[in-house]
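Asks: Below is the structure, and that's it, no one-letter string:
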């Protein structure tokens, strides 16, 4: 009985040892890309749909699609997905006939939490108070 217990314990130990191997994880390689997206006709049906689908794509850390600017700002893991793959992904939404994405250097106006509090800049509003001195508002004076 003792030999049987020793063999079972040894086998169990081997299974645990093999099963507990930790997979080496690659470090996140965060990159950002701004895409100009043509073909959007509305904020809810188009921009929010694209943003939702991008957010669920493997490798995408954060995605913001601004309908009024026709821009998508995407933060992604370059180890998982490339800029070309993101462009192709957006092009393929809605069967591939509706949207066309291309990389752009244009960025949307994004304020920090501090700026929003001091300037009362609300989501979707693109104007800052006239007397705002925050750096993020220098190009958005009302």
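Replies: Here it is on my side, so go on. Remember, it's a predicted structure, so these values are computed and weren't measured experimentally.
Asks: longest helix anywhere in this protein?
Replies: The residue-count maximum for a helix in the chain (DSSP state H) belongs to helix 2-19.
Asks: how about low-confidence regions in this structure?
Replies: For the chain, the stretches with pLDDT under 70 are 1, 14, 16-25, 107-142.
Asks: care to break it down by domain?
Replies: According to automatic domain parsing, the chain comprises the domains 30-104, 110-142.
Asks: okay, how far is it across the first one, tip to tip?
Replies: Just to be clear, that refers to domain 30-104. Distance between the boundary residues of domain 30-104 (CA to CA, to the nearest Å) amounts to 18 Å.
Asks: any idea where the helices of this protein begin and end?
Replies: Using DSSP H, helices in the chain cover 2-19, 48-56, 83-92, 113-119.
Asks: export those helices to a markdown table and tack on distance to residue 29 and mean neighbour count?
Replies: C-beta coordinates here come from the backbone N, C-alpha and C atoms, glycine included. Formatted as a markdown table, those follow (distance: least, CB to CB, whole Å; neighbours: other CB atoms under 10 Å):
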| stretch | distance to residue 29 | mean neighbour count |
| --- | --- | --- |
| helix 2-19 | 29 | 9 |
| helix 48-56 | 18 | 16 |
| helix 83-92 | 13 | 17 |
| helix 113-119 | 26 | 14 |
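Asks: contacting residues for the closest residue to residue 62 other than its chain neighbours?
Replies: Distance criterion CB to CB, 6 or more residues apart in numbering; nearest residue to residue 62, sequence neighbours excluded, is residue 75 at 4.3 Å. By CB atoms under 8 Å, 6 or more residues apart in numbering, the contact set of residue 75 is 30, 31, 32, 60, 61, 62, 63.
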